[in-house]
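1. Using only what follows, build the 3D model:
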Amino acid sequence: MDKQTAVRTLTKELGDKLGRQAVIEEVYKEQLVRNANYVYQLNNPVLVDFAHGCYYYDDISINGRDMKNLLDLLLRKNNSFTEANYIFLGNTPGGEKTFTDTRFTATAYALIGPDEMNNLEKNFYKNVSSDMFSAMDMLGIKNFAKVYRIYTDSEKFDLESKLIREFVGRVSALEYDSDGEINKAHFDPFGGLDGLNEYFKKMGLTASLSTTEDRKSSAKNYPTLVHKKNILRVIEEIQTKKGLGDSFFDEYLSRLDKDFLKDFFNFVFFLPYEDQNLKVNKDILRLYDNKLDYISILVKEYVKGEYFQDYFDILNSDKQKQVVLTLSTISERNPAYDSFLWIKGFRNMGLDYMKAYKNDTKSFIEYFNSKDNYMRKIILNDIMGCDATNEDVIKWLNENHPELIREVGFNG
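-> Okay, here's the model as predicted:
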């Protein structure tokens, strides 16, 4: 497949799925062509007339002065327009400089620039034809289609296996010094010792990499070395607890570039929910949160998502604090998730105590106990005027705050 065929293959798909754009302004046309990575004029301009309320092209016409009608007419008559994603409209040769829509030319263009590349990456990740796959590869456009297919299968998209295989493979190739030690810098590609140990802990391992265990040389004088025995102990536990012999791990996953995977990880959290794999998303957060824009992901879930609580519980305490700090600055509030965070101990997040009174006895009681008597009286006054009655809350209040109830009731 040559470049022009690849471009025409992709622009047809872009036009069919996202629509074709008719462009009149000359400055915009020049800008599109100037910024394009690939651009081809697909045919000579064709002549279109508009008269008596109809567009005319050769021997066919369509009623109505509407750009959609014009595009339908062009696509129906001329195959070159079906491969185009842009239609440039212009004056007839020798015509006025100012565009007139009574008689004009239409020219089909196949054009791929940064916006089109982004649309191809973001919109074509499933049910992608082999021709389209080849075209994207030919033009060096990132293609998530193959890895997305594996992502939908939780057994094949085994991130623990990927991490373990990479770690064991690297360790097996190491050369140790005469004391059986190596510099910890060898583990920097995995996030360093701390990053690896965090991964191992999340996997349920008890062994960890250390610059002090089993050392022969002076740990004080040479603080950056790790002993082979310590490394082998970690590998032994991995092989015992996380054996890979029965894994359905897909070998294609092991060959993916780390930057490509990072982009893919951040991509899947923003797909439509029906295209997401929740189990794999949780594994990504658990094992590769350092590669994620986790704050943007959690903010999106907080504002209009379904999985905020699932994802929040996976993050470590430092990352949870960063998320809450960001959430405290946004205007869109989600009372249900604010209540969830309040119960988690983030007391700077507000609680809808009337909603808690109706639906969440535990949250209401915790919230009530956290307030002073002045605020407690306001809360009691509000629930006394509420149509709904939470018998468990009323019983608890009668047992623990009878004086406040009497005072609020007496004062009206």
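2. residues in contact with the closest residue to residue 275 other than its chain neighbours?
-> Leaving aside its chain neighbours, residue 275 sits nearest to residue 126 (6.9 Å; criterion: Cβ to Cβ, 6 or more residues apart in numbering). (Glycine included, C-beta is placed from N, CA and C.) Contact analysis of residue 126 by Cβ atoms under 8 Å, 6 or more residues apart in numbering lists 145, 148-149, 275.
3. what does residue 152 give?
-> residue 277.
4. Look through this protein and tell me its longest helix.
-> As assigned by DSSP state H, the longest helix anywhere in the chain is helix 3-18.
5. I would like the residues contacting that one, please.
-> Contacts for helix 3-18 (Cβ under 8 Å, 6+ apart): 1, 38, 40, 42, 82-85, 110-112, 116, 119-120, 123-124, 131-132, 134-136, 138-139, 141.
6. swap the cut-off to 6 Å and go again
-> Contact with helix 3-18 is made by 38, 40, 83, 85, 110, 112, 131-132, 135, 138-139, as judged by Cβ atoms under 6 Å, 6 or more residues apart in numbering.
7. which of these lies closest to residue 343?
-> Residue 343 lies nearest to residue 132 out of the contacts of helix 3-18, by Cβ to Cβ, at 48.0 Å.
8. so how many other residues sit close to that closest one?
-> Other residues near residue 132 come to 19 when the count uses other Cβ atoms under 10 Å.
9. one step back: which SS class is the residue nearest to residue 275?
-> Per DSSP: H, G, I helix; E, B strand; the rest coil, the local secondary structure of residue 126 is coil.
10. Could I get the pLDDT score of it?
-> At residue 126, the pLDDT value in this model is 88.
11. Likewise for residue 248?
-> 49.
12. coming back round to it: which positions within the longest helix of the chain qualify as buried?
-> 6-15 (16 or more other Cβ atoms under 10 Å).
13. Convert that helix to CSV, retaining C-alpha atoms only.
-> Coordinates of each C-alpha in helix 3-18 appear next as CSV, following Å, rounded to 0.1, in the frame of the first residue of the first chain:
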residue,chain,number,x,y,z
LYS,A,3,1.0,6.6,0.9
GLN,A,4,-1.8,8.0,-1.3
THR,A,5,-3.8,4.8,-1.1
ALA,A,6,-3.3,4.8,2.7
VAL,A,7,-4.5,8.4,3.0
ARG,A,8,-7.5,7.8,0.8
THR,A,9,-8.4,4.7,2.8
LEU,A,10,-8.3,6.6,6.1
THR,A,11,-10.1,9.8,4.8
LYS,A,12,-13.0,7.7,3.5
GLU,A,13,-13.3,6.1,7.0
LEU,A,14,-13.1,9.5,8.6
GLY,A,15,-15.7,11.0,6.3
ASP,A,16,-18.1,8.1,6.7
LYS,A,17,-17.8,8.0,10.5
LEU,A,18,-17.3,11.7,11.5
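14. distance between it and the chain's centre?
-> 25 Å (Cα atoms, centre = their mean, to the nearest Å).
15. Just the mean pLDDT for that helix, thanks.
-> 94.
16. Following element in sequence after it, please.
-> Next helix or strand after helix 3-18 toward the C-terminus (DSSP states H and E): strand 21-23.
17. Starting from that next one, tell me which strands it pairs with and how they run.
-> Here strand 21-23 is paired, per DSSP bridges, with strand 86-90 (parallel).
18. tell me the angle of the next helix or strand after the partner strand relative to helix 3-18?
-> Downstream of strand 86-90, the first helix or strand assigned by DSSP H and E is strand 103-112. Counting by axes from the mean of the first three to the mean of the last three Cα atoms, to 10 degrees, strand 103-112 lies at 110 degrees to helix 3-18.
19. next helix or strand past strand 103-112?
-> Following strand 103-112 in sequence, per DSSP H and E, is helix 114-123.
20. and the residue nearest the centre of the chain, what does it touch?
-> Taking Cα atoms, centre = their mean, the centroid of the chain lies closest to residue 269, which sits 3.0 Å from it. Counting by Cβ under 6 Å, 6+ apart, residue 269 makes contact with residue 297.
21. how much space between it and residue 301?
-> Distance of residue 269 to residue 301, computed by Cβ to Cβ, to the nearest Å: 8 Å.
22. likewise residue 15?
-> Look at residue 15 and residue 301: by Cβ to Cβ, they are 33 Å apart.
23. what's the most distant pair in the buried residues of helix 3-18?
-> Greatest spatial distance among these (Cβ to Cβ): 6 and 15, at 15.1 Å.
24. okay, the buried residues of helix 3-18 in TSV with distance to residue 409 next?
-> Shown next, in TSV, are the buried residues of helix 3-18 (distance: Cβ to Cβ, whole Å):
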residue	distance to residue 409
6	78
7	78
8	79
9	76
10	73
11	74
12	74
13	70
14	68
15	70
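25. Just name the closest of these to residue 365, please.
-> For those, the nearest to residue 365 is residue 14 (56.5 Å; Cβ to Cβ).
26. Residue 209: what secondary structure?
-> Secondary structure for residue 209, judged by three-state DSSP, is coil.
27. Could you pull up the contacting residues of the nearest residue to it once chain neighbours are set aside?
-> Leaving out its chain neighbours, the residue that sits closest to residue 209 by Cβ to Cβ, 6+ apart is residue 193, at 4.9 Å. Taking Cβ under 6 Å, 6+ apart as the criterion, residue 193 is in contact with 184, 187, 209.
28. quick one: residue 193 from residue 151, how far?
-> In terms of Cβ to Cβ, residue 193 sits 29 Å off from residue 151.
29. ok, now residue 211?
-> 36 Å.
30. more neighbours, the two?
-> residue 151 (26 against 17).
31. Now that one: closest residue in space that isn't a chain neighbour?
-> Distance criterion Cβ to Cβ, 6+ apart; nearest residue to residue 151, sequence neighbours excluded, is residue 157 at 5.0 Å.
32. number of nearby residues for the one you found?
-> Residue 157 has 23 nearby residues by other Cβ under 10 Å.
33. Any figure for the gap between it and residue 335?
-> Residue 157 is 35 Å from residue 335, where distance means Cβ to Cβ.
34. which element follows the host helix or strand of residue 202 toward the C-terminus?
-> Using DSSP H and E, residue 202 sits in helix 192-203. Going down the chain from helix 192-203, the next helix or strand is strand 225-227, by DSSP H and E.
35. Cheers, nothing more for now.
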